[in-house]
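return a 3D structure for these sequence lines:
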Amino acid sequence: MKLKDNFYGKLTQIECNSDIDLYVEEIKNDGFAIIENVLTQEELNIYREKIDVVYKQQEIDFGLDKLNSIKEKNMCRMPLKYDDYFINIVTNKTVLDVVRKFLGDFFILNLQNAIINIPNEEHHQSSWHRDLPYQNYVISNPLSINALFCIDDFSIETGGTIVVPYTHKTEVLPSDKYIEKHAVTAVAKAGSVIVFDSMLFHKAGYNSSNNIRRAVNQQYQIPLLKQFYNFPKALNGKFSKDKFLAQLLGYTSQVPLDDIEWRNERIKRMSK
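A predicted model of the protein is given here:
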C-alpha cells in the first residue's frame, strides 16, 4: 500500500522517483542531505595525500606565521589551482545532478577549499555561519548549493560538521537554547558528501579523536553572484577549451570592462 492511500482530503504529494529526487527533497526540507559512497577508497587515499601536499606548499609560500595571524591555519584554499586532480571532485556527476535540480543548467563554481581538522585544535570554521555570510534573509529557491566531501570519517569524535536543520528557512540565527536542542552532527563515512543549502547555519565540530579529519568544500551558485575566487584569472586559461568547464569555472561569466568589450564578446558568441 502506498502512503498516499492513508491520506484523506484533497492532498498533493511530492513525487520521488529516484535517489536524486530524495536528496533534493531532504535539502529543501531539512537543509542538507548525506549521499554515501561517492568516492572510492583509492580516490580517498589520493585526496588525503594531495590535500596535505598542497596545504604544506601554501604554508611555505605564504608563511605559517602569517596564516596563523589571519586564522587561516589548516585551510587549504583553491587546491585545483595547484593540482588538476581536484577538478574531478568539482565535476562529480551525482553532486552536479543534485545541483542542477536547484540551479538549473547554468551555474558556476564559487569556491573550492579543503579543510584540515587537526585533533585537539580549534579550527576557525568552528563558529556558526552560512556559506553566503552576512545575509539575514530567506529565499524561496537556493541561489547557492554546497557539496562538502568527507575525505575522512565525519563523527562527533572527529569534529564532523554540525548543522541546525531548517535554518535555511530562518532569517537569523536561532537562540542558544534552540541550537543546543536541535543542532546535529552530520555523521557520514569517508567517501560521502554532505550537500546543503548554502544558507543553512553550520560549523565545524571539535576533533577530540586521534585522527585528522579532512574535507573538501565546494560551493556552486548562480552566475549573478560574484565568485569567491577569480578562477579564470588564477587558472590562466586552463580548462577554458572545455565548454562545460569554461562555464562552471566562470570563464563565460566574467564582467566586461566596458561597452566595447561587451559588444565584441557578443559578436563572438553569436558567430559560433
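
what does the worst-scoring helix or strand of the chain on mean pLDDT contact?
Evaluated with mean pLDDT, DSSP states H and E, the helix-and-strand set of the chain has its lowest mean pLDDT in helix 259-271, which scores a mean of 87. By C-beta atoms under 8 Å, 6 or more residues apart in numbering, the residues outside helix 259-271 that reach it are residue 256. In this view, the C-beta of every residue, glycine as well, is placed from N, C-alpha and C.

show me which residues of that helix are buried.
Of the residues in helix 259-271, none is buried under the neighbour-count criterion (16 or more other C-beta atoms under 10 Å).

using CSV, write down the CA coordinates of it.
What follows is the C-alpha trace of helix 259-271 in CSV, where atoms were taken according to Å, rounded to 0.1, in the frame of the first residue of the first chain:
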residue,chain,number,x,y,z
ASP,A,259,30.6,48.6,-23.7
ILE,A,260,33.1,47.9,-26.4
GLU,A,261,34.3,44.7,-24.8
TRP,A,262,30.7,43.6,-24.0
ARG,A,263,29.7,44.1,-27.7
ASN,A,264,32.8,42.3,-29.0
GLU,A,265,32.1,39.3,-26.8
ARG,A,266,28.5,39.3,-28.0
ILE,A,267,29.8,39.2,-31.6
LYS,A,268,32.0,36.2,-30.8
ARG,A,269,29.1,34.3,-29.2
MET,A,270,26.7,35.0,-32.0
SER,A,271,29.2,34.0,-34.6
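
can you tell me the closest non-neighbouring residue to residue 7?
Leaving aside its sequence neighbours, residue 7 sits nearest to residue 13 (C-beta to C-beta, 6 or more residues apart in numbering; 7.5 Å).

ok, the closest residue in space to residue 166 that isn't next to it in sequence - contacts?
Nearest non-adjacent residue to residue 166, counting by C-beta to C-beta, 6+ apart: residue 31, 6.0 Å away. Residue 31 sits next to 163, 165-169, 196-197, 199-200 when contact means C-beta under 8 Å, 6+ apart.

next one: residue 159
Contact partners of residue 159, counting by C-beta under 8 Å, 6+ apart, are 117, 123, 126, 204-209, 213.

try 10 Å this time
115, 117-123, 125-126, 185, 203-209, 213 (C-beta atoms under 10 Å, 6 or more residues apart in numbering).

now, these that are in strands?
Secondary structure assignment by DSSP state E places 115, 117, 185, 203, 213 of the contacts of residue 159 in strands.

mind putting those residues into TSV with neighbour count?
Conversion of the ones in strands among the contacts of residue 159 to TSV gives the following (neighbours: other C-beta atoms under 10 Å):
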residue	neighbour count
115	23
117	26
185	16
203	18
213	26
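
so residue 111, which of the three states?
Of the three states, residue 111 takes strand according to DSSP: H, G, I helix; E, B strand; the rest coil.

so what's it closest to, chain neighbours aside?
Once flanking residues are discounted, residue 111 sits nearest to residue 228: 3.9 Å by C-beta to C-beta, 6+ apart.

show me what contacts residue 151?
Contacts were defined as C-beta under 10 Å, 6+ apart; by that measure residue 151 touches 39, 43-48, 50-51, 89, 114-116, 190-192, 212-216.

among the residues you listed, name the ones in strands.
114-116, 213-216.

specify which member of those residues is nearest to residue 157.
Checking these against residue 157 by C-beta to C-beta gives residue 213 as the nearest, at 9.3 Å.
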